[in-house]
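Colleague: Give me coordinates for this.
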Amino acid sequence: MSEASAAVRGTRHVEHAMGTVFSFDLRDPVTPPVRHALKDAVAWLHHVDEVFSTYRPGSAISRLNRGEPVPERYAPEVAEVFALCEEVAHTTGGWFSHTPGGRLDPSGMVKGWAVERASRMLYEAGAHNTCVNGGGDIQLRGEAAPGTPWRIGIAHPTRPGELAAVVTGRDLAVATSGTAERGAHILDPHTGGSATALASLTLIGHGLTRTDAYATAAFAMGAGARDWVEAWDGHEGLGITTAGETWRTPGFPGATGAGP
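Modeller: Sure thing, here's the model as predicted:
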């Protein structure tokens, strides 16, 4: 694609990082500052993986779990993420935890935080209409096209190939926690066992950092998730139980079913 064509049509980029797939969909003209910001956003994701991965033996989290000091250059980011984790743990009554099983693991916070930061980097460079998707957790800015909102399909957790809903809107964060991709991997922090009442929980907010963490917490709540989400200003939810029952909060933005 030529530079002139890219400037008119926007651009897309896919990157493998943090054990998942990230995609960037930019609908603005790709100016040199935007192109540079996209490069920086991709580098940022790999940096976050180096700092927070629970699989890399040299990461800050792995070092802390071994009782080793964190390199000084990583300390501010680690402190920021831990403070956010503690805030969400307090807000959710302990349903979110960055110490599952007694080991440090802020994974429930890190991906949403990283995606929101990457989205902000693009916005500050002039890309005001973007979709940044990290393994199904999405930060949307602006519109898909002038006068046209973004449309995001929510996969049905027990019916492969079907959509449970289509979310439509502008400037939204969309986060889904569930068992479809990784099985029963979310723990109930109060019991230490797997959370199994829900098959999928999608939360809609404005910033992905907290929306993603709240989705993890609400999924762990199981049967109590609906009441908690309905009482929490600024977020809407869609839940699907393991029995196949579906519920949604009154302000959930979108349409039921697969839709075009």
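Colleague: wait, Thr209 sits on Val110?
Modeller: No - under the criterion of CB atoms under 8 Å, Thr209 lies out of contact with Val110, with a separation of 9.5 Å. Every residue, glycine included, has its C-beta placed from N, CA and C.
Colleague: In terms of neighbours, single out the busier of these two.
Modeller: Set side by side, Thr209 and Val110 give different neighbour counts by other CB atoms under 10 Å, the larger being at Val110 (27 against 23).
Colleague: which residues sit in contact with that one?
Modeller: 18, 48, 52, 81 (CB atoms under 8 Å, 6 or more residues apart in numbering).
Colleague: Tell me where this protein has strands.
Modeller: Along the chain, the segments classed as strands by DSSP state E run 11-17, 20-26, 130-134, 137-141, 150-155, 163-169, 173-178, 198-205, 236-241, 246-248, 254-256.
Colleague: closest to Arg56 out of these?
Modeller: Arg56 lies closest, by CB to CB, to one member of these: strand 11-17, at 11.9 Å.
Colleague: strand partners of that closest one, parallel vs antiparallel please.
Modeller: According to DSSP bridges, strand 11-17 has the following sheet partners: strand 20-26 (antiparallel).
Colleague: The partner strand: which residues count as buried?
Modeller: Buried residues in strand 20-26, defined by neighbour count with 16 or more other CB atoms under 10 Å: 20, 22, 24-26.
Colleague: Kindly indicate which of these lies nearest Val115.
Modeller: Nearest member of these to Val115, counting by CB to CB, is Phe22, at 7.4 Å.
Colleague: Would you agree that closest one is in contact with Val14?
Modeller: Yes - counting by CB under 8 Å, Val14 is a contact partner of Phe22 at 7.2 Å.
Colleague: Pull the number of nearby residues for Gly147.
Modeller: The burial metric for Gly147, expressed as a neighbour count using other CB under 10 Å, is 6.
Colleague: and if you look at Gly222?
Modeller: Burial of Gly222 is recorded as 18 neighbouring residues (other CB under 10 Å).
Colleague: got the residue ranges for the helices in this protein?
Modeller: For the chain, the helices defined by DSSP state H occupy 3-9, 32-52, 60-65, 75-91, 107-124, 208-221, 225-231.
Colleague: got the buried residues for the third one?
Modeller: In terms of neighbour count (16+ other CB under 10 Å), helix 60-65 has its buried residues at 60-63.
Colleague: And these, which is closest to Thr168?
Modeller: Of the buried residues of helix 60-65, the one sitting nearest to Thr168 (CB to CB) turns out to be Ile61, at 36.7 Å.
Colleague: I figured the closest one hits Met109, correct?
Modeller: No - under the criterion of CB under 8 Å, Ile61 lies out of contact with Met109, with a separation of 11.5 Å.
Colleague: burial count for the nearest residue to Arg226 once chain neighbours are set aside?
Modeller: Setting aside the residues directly before and after it, Arg226 is nearest to Trp247 in space (CB to CB, 6 or more residues apart in numbering), at 5.4 Å. A count of neighbours around Trp247, defined by other CB under 10 Å, yields 15.
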